[in-house]
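**Q** need a structure here:
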Amino acid sequence: MTTSLRHAALQNYTTAKHDLANVPFKEKPIKDLFGAHVFSEAVQRERLPKPVFKALQRTIKQGAPLDPDIADAVATAMKDWALEKGATHYTHLFQPMTGLTAEKHDSFISPADGGKAILEFSGKELVRGEPDASSFPSGGLRATFEARGYTAWDPTSPAYIIEGANGATLVIPTAFLSWTGEALDKKTPLLRSMEALSKQALRIVKLFGHNNVKKVFTTVGPEQEYFLIDKAFFYARPDLITTGRTLFGAKPPKGQEMEDQYFGTIPERVLAYMADVEAQLFQLGVPVKTRHNEVAPNQYELAPVFEDSNLGTDHQMLTMEVLRNTAGNYGLVCLLHEKPFAGINGSGKHNNWSMSTDTGENLLEPGDTPHDNTQFLVFCTAVIRAVNKYAKLLRVSVASAANDHRLGANEAPPAIISIFMGEQLQDVLNQVMELGSAKTSKQGGSMELGATVLPKLPKHAGDRNRTSPFAFTGNKFEFRAVGSSFSIAGPNTVLNTIVAESLDYIATSLESAIAAGKDLYKAINEMLPTILKENARVLFLGDGYSAEWHAEAERRGLPNLRTTPDTLGVILEKDATDLFTKYKVYSERELQSRFAILCENYVKTVNIEGQCAAMIAKTMILPAALRYQGQLASSIAALKGVYDKVPATQTELLSNLVTAIDAFQTATAKLEHALHHHAEGSLHDHTLHARDHVLTAMAEVRKFGDTLETMVADDLWPLPTYREMLFFK
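**A** Prediction:
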């Protein structure tokens, strides 16, 4: 019998050898490795003329308009530095609406007289590129035949070098716009939202007397969860190759029930991979800090220190790229899908968000006595109001076909957006609502551990809540609903904009009160209780997974948009249009384009999965089941030739198998029918058809396919199983 892909994969796994010593930490310490491939502030100071350096830093740190006269000097210095690093090409890296990055490489070489060549890179080439925009998702902003697009240099995100086996490339982060000036990317709206928030936050900061602050920026520290499986198994699974998740797979005898994977010893091959990833990210200036085993088998996490939101977003895209590209060197494949395996935890990307001034002050730092920290209470109240007022926009910012499989499950927050503030801050907020101002703050004290050799530990004033989609965690909010494969640009664009609106509302109220002769703190004490009472419904300290909370949330009137098709219409609602156009983050046409792109992406994702499931069902699972059916029938027929009576258990086994195969074939036919009968009407109608018919049919096919996996002889089963993919390290 021909060896199946699965058995070939098992053979490859058992015989493969991997070189695990690929990281130069012994030769080059981390501190020397960090930022070695980045055109950083230190490199700029060393290589740029002083006036040029100062002008560029004003743009980067204070948001001053870019001086076009400095472009040539920066380009020359950048080119010389890149050539010394072995670069032969440069590229303008941008983030189209695919959710990935895109790049077009150009050589530094230009022909010269006499058959020679010179190396050139001008300020014009640095500042603007001209890629073909026709094949990127535009949601109707551009017709297919309208190809011109522009990349615009983003000086706030430093250029860097990516090394390959046969050379290096200078990478220049850019925005991506159409010929009409509309955003075709994720970076442009993010930068706009950051400016909107800075403008409104500065109004409040200056009311508190901080006139030296020139800019307020948002910070992020996105935690990245991911799975690793042996690449031999990956290439034997057409569903993983095509969709990023397993469309079939029976529950293994052991999943994550024992919770022995979580924070356990990192397997040797995985640890070598992690070290390699970190070494590359260190060189690229990505401040990765934490690595550990996650809850599910073969699931892991990497987390950085917080950075400016724009830079943190660029670094997060780099992180995903390095994670994927490095895995093959260790015989692994990195899976970033939100739910690659059914029945165990999926992967998220916890987006730790805060606001800071250019003078180094975290505006969401409560201090030891938050009841006395009026400035903190103002900014915190603005966030609470924003999340309550625009909860549906936050939900749509994390909507996708993949994330729908994860939200609301054991490891992820529900689709209901609520805020966990912790016992200390909730008590302070309750005092403000009830008394008009807070007088005390609960203190954590210390923890006695019961053994004299162990030190007393300082205890936080409140616990953490991992069931909350939006939880305060010390000096930041953790938006836990973001999917693991997401660009964080979209969620942070929404978060920045809705908070900007709340800061605008509060600043306008306070400025009016002060103009009328009222004391700032008296005005705050009169304003905050009202705002908090109006928005308190979004505050919740309990278990977000519980049925009781879902019922309570419904009583409170909180939206519960369970699936992506439920959320997408929010983008076109008047509140959303008014918000984003007022702060110039999205135009109305840009919002309409995002709606169209997200609808199309959902439908295409579900249809690709459905087609892949039908193909696997017909060409892999069904043939294996029929072979086993034939073997059983032959065995029973042979037995009848020897014995007068065949044991009922054996005929029952065959009968059950025949019934399961018939149900499987019937379900597969229904799936194919759903795939070939598309919905009439609008884009949104197509998403409803994909959800209600294609996904439903896929679930039925999977149910019977997974039943067959538990019945068919192991030597005939064609697909690597969960017990193999999840537990072979």
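
**Q** going forward, measure contacts and count neighbours with C-alpha atoms only.
**A** Fine.

**Q** Report the separation between residue 298 and residue 15.
**A** Distance from residue 298 to residue 15, counting by C-alpha to C-alpha, to the nearest Å: 20 Å.

**Q** ugh, typo on my part, it should be residue 238
**A** Distance from residue 238 to residue 15, by C-alpha to C-alpha: 23 Å.

**Q** okay, the two: which has more neighbours?
**A** Between residue 238 and residue 15, residue 238 has the larger neighbour count (other C-alpha atoms under 10 Å), namely 18 against 7.

**Q** Let me know whether that one touches residue 617 as I believe.
**A** No. Counting by C-alpha atoms under 8 Å, residue 617 is not a contact partner of residue 238; they are 11.1 Å apart.

**Q** for the stretch 301-450 of the chain, what spans make up the strands?
**A** 307-308, 332-335, 351-357, 419-420, 446-447 (DSSP state E, counting those that start in this stretch).

**Q** Which one, of those, ends up nearest to residue 706?
**A** Proximity to residue 706 (C-alpha to C-alpha) singles out strand 332-335 among the strands of the stretch 301-450 of the chain, at 21.6 Å.

**Q** Give me the average confidence score over the closest one.
**A** The average pLDDT within strand 332-335 is 97.

**Q** what residues does that strand touch?
**A** The contact list for strand 332-335 (C-alpha atoms under 8 Å, 6 or more residues apart in numbering) reads 226, 227, 228, 229, 230, 231, 234, 244, 323, 324, 327.

**Q** same check, this time on stretch 193-204
**A** For stretch 193-204, contacts defined as C-alpha under 8 Å, 6+ apart pick out 213-218, 493-494, 496-497, 499-501, 503-504, 507, 583-585.

**Q** Filter these down to the ones in strands?
**A** Applying DSSP state E to those, the entries found in strands are 216, 217, 218.

**Q** Please indicate which of those are buried?
**A** Neighbour-count burial (16 or more other C-alpha atoms under 10 Å) applied to the ones in strands among the contacts of stretch 193-204 gives 216, 217, 218.

**Q** okay, those residues in TSV with pLDDT and distance to residue 100 next?
**A** Below are those laid out as TSV (pLDDT from 0 to 100; distance: C-alpha to C-alpha, whole Å):
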residue	pLDDT	distance to residue 100
216	96	28
217	94	24
218	97	22
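
**Q** closest to residue 71 among those?
**A** Using C-alpha to C-alpha, residue 217 comes nearest to residue 71 of these, at 24.7 Å.

**Q** Next, find the distance separating that closest one from residue 562.
**A** 32 Å.

**Q** How about residue 363?
**A** The spacing between residue 363 and residue 562, counted by C-alpha to C-alpha, is 33 Å.

**Q** Just want the most central residue of this structure.
**A** residue 486 (3.2 Å; C-alpha atoms, centre = their mean).

**Q** does residue 555 belong to a helix or a strand, and which?
**A** Following DSSP states H and E, one finds residue 555 within helix 547-556.

**Q** gap between the top strand by length along the chain and the chain center?
**A** When the chain is parsed with DSSP E, its longest strand is strand 167-178. From the chain centre to the centre of strand 167-178 is a distance of 21 Å (C-alpha atoms, centre = their mean, to the nearest Å).

**Q** what's the answer for stretch 50-65, then?
**A** In terms of C-alpha atoms, centre = their mean, the centre of stretch 50-65 is found 31 Å from the chain centre.

**Q** the residue most distant from the middle of this structure, which is it?
**A** Here the chain reaches farthest from its C-alpha mean at residue 644, the gap being 64.2 Å by C-alpha atoms, centre = their mean.
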